[in-house]
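# Please work out how this folds:
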Amino acid sequence: MDWASVETIRVFANGISFEVVALGAGDRLALCLHGFPECAYSWRYQFPVLARLGYRVWAPNLRGYGNTDSPRNVADYAIDVLVEDVAGLIRASGAKEVVLIAHDWGGILAWMLAMRHPALIHRLVICNLPHPACFLRELKRPIQFLRSWYMLLFQIPLLPEAILGFHQAYGVGRMFLGTTRDRSRFPKEVVDVYRRNACRPGALTAMIHWYRALLRGGGWRQFAGPTYPKIETPTLFLWGTDDVALSIRTTYGTEEYVSNLTFRALPGVSHWVQQEAPEAVNSILETWLTGSPVPK
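Down below sits the predicted model:
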């Protein structure tokens, strides 16, 4: 599919205006949530298969990304606010059936939405982001704590923006090229999309505010429970096993928090699973959405 052929629309939700990449029509919505430092473009490989299955596909640039509004205050990126962004987008869509598909930071919002607003979604797909309870359990172990060191770096004012933004966001490009297992999936034209996104005035500050809000002003306590309602929504959980930021141990025990769980690991695939292994991801996604046996 030619990405240039998709439509870009504006959707007002939770008090701000979102830039949403859209394809197709109808009452069945596939809402795709990107992570850091990505944008809606990260779902380019999934758009065709979802549209072919009859979904209206939306991939918003989330708060602070792309041409979506980018509030300046850290508090504007608190988890409560971000989850309500997603709820607001679903309500604004008017869809009667919703599959929520998410990666990385989008996965945090998707897990939280499934616990807080289960009536809004009918199916849930998570790519390389563990359930909060499982992540926090593993964060107490040295291996995962060391993998998550960058979250502490991001709390420092201005420094992470300087590091990532140097030389036209060279650091953002290195995040992809330095952590993927298949560089052919991230040629210059793809990396440049993410670099340009990060080079927008104020963009990196807005994007990093997601991490700052997580550790400040109660955001972490929202993420940390203290209790987690069991998710009854049918859930597909995909995991690239060569994720440098998240140990596969963070997936262990997910079934304790999700009653209807289908988990598939993709060996030799990095954190950027839906971009690095789109053929495998799309095959699993299609079989699961159509009710066929999911290959192991």
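# if I pick residue 21, what's in contact with it?
6, 7, 8, 40, 41, 43, 58, 59, 60, 61 (CB atoms under 8 Å, 6 or more residues apart in numbering). No exception for glycine: its C-beta is placed from N, CA and C like everyone else's.
# where along the stretch 51-200 of the chain do the strands fall?
56-61, 97-103, 123-127 (DSSP state E, counting those that start in this stretch).
# Tabulate the ones you listed in a markdown table, adding columns for mean neighbour count, distance to residue 187 and mean pLDDT.
Putting these into a markdown table (neighbours: other CB atoms under 10 Å; distance: least, CB to CB, whole Å; pLDDT from 0 to 100) gives the following:
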| stretch | mean neighbour count | distance to residue 187 | mean pLDDT |
| --- | --- | --- | --- |
| strand 56-61 | 25 | 20 | 98 |
| strand 97-103 | 24 | 20 | 98 |
| strand 123-127 | 26 | 21 | 98 |
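# between the ones you listed, which gets nearest to residue 200?
strand 56-61 (10.5 Å; CB to CB).
# List of residues touching the closest one?
For strand 56-61, using CB under 8 Å, 6+ apart, the contacting residues are 11, 18-34, 39-43, 46-47, 50-51, 67-68, 89, 93, 95.
# repeat that with 7 Å
Strand 56-61 is contacted from outside by 18-26, 28-32, 34, 39-40, 43, 47, 50-51, 67-68, 89, 93, 95, using CB atoms under 7 Å, 6 or more residues apart in numbering.
# Write a PyMOL command that selects only the buried members of those residues.
Listed next is the PyMOL selection for buried residues among the contacts of strand 56-61, using 16 or more other CB atoms under 10 Å:
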select buried, resi 18+19+20+21+22+23+24+28+29+30+31+32+34+39+40+43+47+50+51+68+89+93+95
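# Strands - which of the contacts of strand 56-61 land there?
Using DSSP state E, the subset of the contacts of strand 56-61 located in strands is 18, 19, 20, 21, 22, 23, 28, 29, 30, 31, 32.
# would JSON lines of those with pLDDT be doable?
Formatted as JSON lines, these follow (pLDDT from 0 to 100):
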{"residue": "18", "pLDDT": "98"}
{"residue": "19", "pLDDT": "98"}
{"residue": "20", "pLDDT": "98"}
{"residue": "21", "pLDDT": "98"}
{"residue": "22", "pLDDT": "97"}
{"residue": "23", "pLDDT": "96"}
{"residue": "28", "pLDDT": "98"}
{"residue": "29", "pLDDT": "98"}
{"residue": "30", "pLDDT": "98"}
{"residue": "31", "pLDDT": "98"}
{"residue": "32", "pLDDT": "98"}
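# Farthest pair within those residues?
The most distant members of these, if one measures by CB to CB, are 19 and 28, lying 22.1 Å apart.
# Helices of the protein, start to end?
Using DSSP state H, the helices of the chain run over 46-52, 79-93, 105-116, 132-139, 142-147, 150-153, 159-177, 188-199, 203-215, 219-223, 273-276, 278-290.
# could you dump those helices to TSV with distance to residue 253 and mean pLDDT?
As requested, those are exported to TSV (distance: least, CB to CB, whole Å; pLDDT from 0 to 100):
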stretch	distance to residue 253	mean pLDDT
helix 46-52	27	96
helix 79-93	22	97
helix 105-116	14	97
helix 132-139	5	95
helix 142-147	14	94
helix 150-153	22	92
helix 159-177	28	96
helix 188-199	33	97
helix 203-215	22	96
helix 219-223	17	73
helix 273-276	20	98
helix 278-290	21	98
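# so which of those helices gets nearest residue 242?
It is, among the helices of the chain and with distance given as CB to CB, helix 273-276, at 9.2 Å.
# how about the closest one as CSV, C-alpha atoms only?
Taking Å, rounded to 0.1, in the frame of the first residue of the first chain, the C-alpha atoms of helix 273-276 are listed here in CSV:
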residue,chain,number,x,y,z
VAL,A,273,7.9,-6.0,16.0
GLN,A,274,5.1,-4.8,13.7
GLN,A,275,7.7,-3.0,11.5
GLU,A,276,10.5,-5.5,11.6
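# Enumerate every residue touching the residue sitting furthest away from the middle of the chain.
Relative to the centre of the chain, the most outlying C-alpha is that of residue 167, 26.1 Å out, by CA atoms, centre = their mean. Contacts for residue 167 (CB under 7 Å, 6+ apart) come out as none.
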